[in-house]
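1. Would you be able to build a 3D model of this:
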Amino acid sequence: MSNKNKNLLGVVYSTDKNFEYEEDAAAEKTSLQNSKQQLRVRIEKHHRGGKVVTVVDGFNGNEKDMEALCKTLKTKCGTGGTVKDGLILIQGEMKERIVKLLIELGYRAK
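-> Numbers count the residues shown, from 1 in each chain. Now for the predicted structure:
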């Protein structure tokens, strides 16, 4: 399935030849400025097979900006990670390093 069809509003199929798909224009959120974002960084171990994960929570913005921040953190920490359910997950116990990096990038982090 192409990315174009992912934003359809529940329409699966239409027999109308003149039917135009409507996309949800309000789905794209704009990101707040870095200095206005309050991010929380914590360590989690539960439900992860005993592996330690650093979680960055509280990002207010669109998915593209969140993935860009995740990529920056992964590159600077030299580890893997992902964006899942509005959270940035970084492998390993990197809390102090991530807080320092977020502050350098202009975010307010705790």
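
2. Can you give me the end-to-end span of stretch 74-82?
-> Using C-alpha to C-alpha, to the nearest Å, one end of stretch 74-82 lies 9 Å from the other.

3. Glu104: what's it in contact with?
-> By C-beta atoms under 8 Å, 6 or more residues apart in numbering, Glu104 lies in contact with nothing. (Each C-beta comes from the backbone N, C-alpha and C, glycine too.)

4. could you check the distance from it over to Val53?
-> 22 Å (C-beta to C-beta, to the nearest Å).

5. what comes up buried for the helix or strand Asp65 falls within?
-> Asp65 is part of helix 63-77 when elements are defined by DSSP states H and E. Residues of helix 63-77 classed as buried: Asp65, Met66, Leu69, Cys70, Leu73, Lys74, Lys76, Cys77 (neighbour count, 16 or more other C-beta atoms under 10 Å).

6. Let me know whether the third one touches Ile88 as I believe.
-> Yes: taking contact to mean C-beta atoms under 8 Å, the distance of 6.6 Å between Leu69 and Ile88 places them in contact.

7. Residues that sit against both of these two, list them.
-> Val56, Phe59.

8. Pick out the residue closest to the middle of this structure.
-> Met66 (3.7 Å; C-alpha atoms, centre = their mean).

9. right, and Glu44 touches Val55 too?
-> Yes: Glu44 is within contact range of Val55, at 5.3 Å (criterion: C-beta under 8 Å).

10. Looking at those two, which is more packed in?
-> Val55 (17 against 13; other C-beta atoms under 10 Å).

11. Who is that one paired with across the strands?
-> Using DSSP bridges, the bridge partners assigned to Val55 are Arg42, Leu89.

12. And it, how far from Cys77?
-> Val55 is 14 Å from Cys77, by C-beta to C-beta.

13. Next, the contact list for the residue nearest to Thr72 when sequence neighbours are not counted, please.
-> The spatial neighbour of Thr72 that comes closest, neighbours along the chain excluded (C-beta to C-beta, 6 or more residues apart in numbering), is Leu105 at 7.3 Å. Counting by C-beta under 8 Å, 6+ apart, Leu105 touches Asn34, Leu69, Thr72.
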